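**Q** What shape does this take:
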Amino acid sequence: MCTDVSLGFLGKIDYLAVQYVVGKVRLSAVEAGVPVGGPGFRVDDVNEKAVDGYQLINHGSTTGALKQTVHGWFDAYTVYGR
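**A** Numbering: from 1, shown residues only. From the prediction side, this is the model:
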């Protein structure tokens, strides 16, 4: 869910309106027994999310995951693309 975008605050995840909606959705999901997940950016952020009821936490970066996935593609293209 891109709440910052939905509310018209692109990239402003620290805005109170965005934090309020994210918190409300998270709390509703936890109370309903729905697994909650999201990215963890720092160790303290991961720990805070675990305490807040998050069950699925991606500790790492999307960029890092993408790099791992496509890293070999560029080498293969160089070798086979000649």
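**Q** residue contacts, residue 49?
**A** Listed by Cβ atoms under 8 Å, 6 or more residues apart in numbering, the contact partners of residue 49 are 38, 40, 57. (Glycine included, C-beta is placed from N, CA and C.)
**Q** And it, how far from residue 24?
**A** Counting by Cβ to Cβ, to the nearest Å, the gap from residue 49 to residue 24 is 16 Å.
**Q** do residue 30 as well
**A** Using Cβ to Cβ, residue 30 is found at 11 Å from residue 24.
**Q** Let me see the backbone angles for residue 10.
**A** The phi and psi values for residue 10, taken as degrees, to the nearest 10, are phi -50, psi 120.
**Q** make that residue 58, sorry
**A** Backbone torsions of residue 58, given as degrees, to the nearest 10, read phi -90, psi 100.
**Q** what's the nearest residue to it if we skip its chain neighbours?
**A** Taking Cβ to Cβ, 6 or more residues apart in numbering, and ignoring the residues beside it in sequence, residue 58 has residue 39 as its nearest neighbour in space, at 4.8 Å.
**Q** looking at this, the one you found is in a strand?
**A** Yes. Assessed by DSSP: H, G, I helix; E, B strand; the rest coil, residue 39 belongs to a strand.
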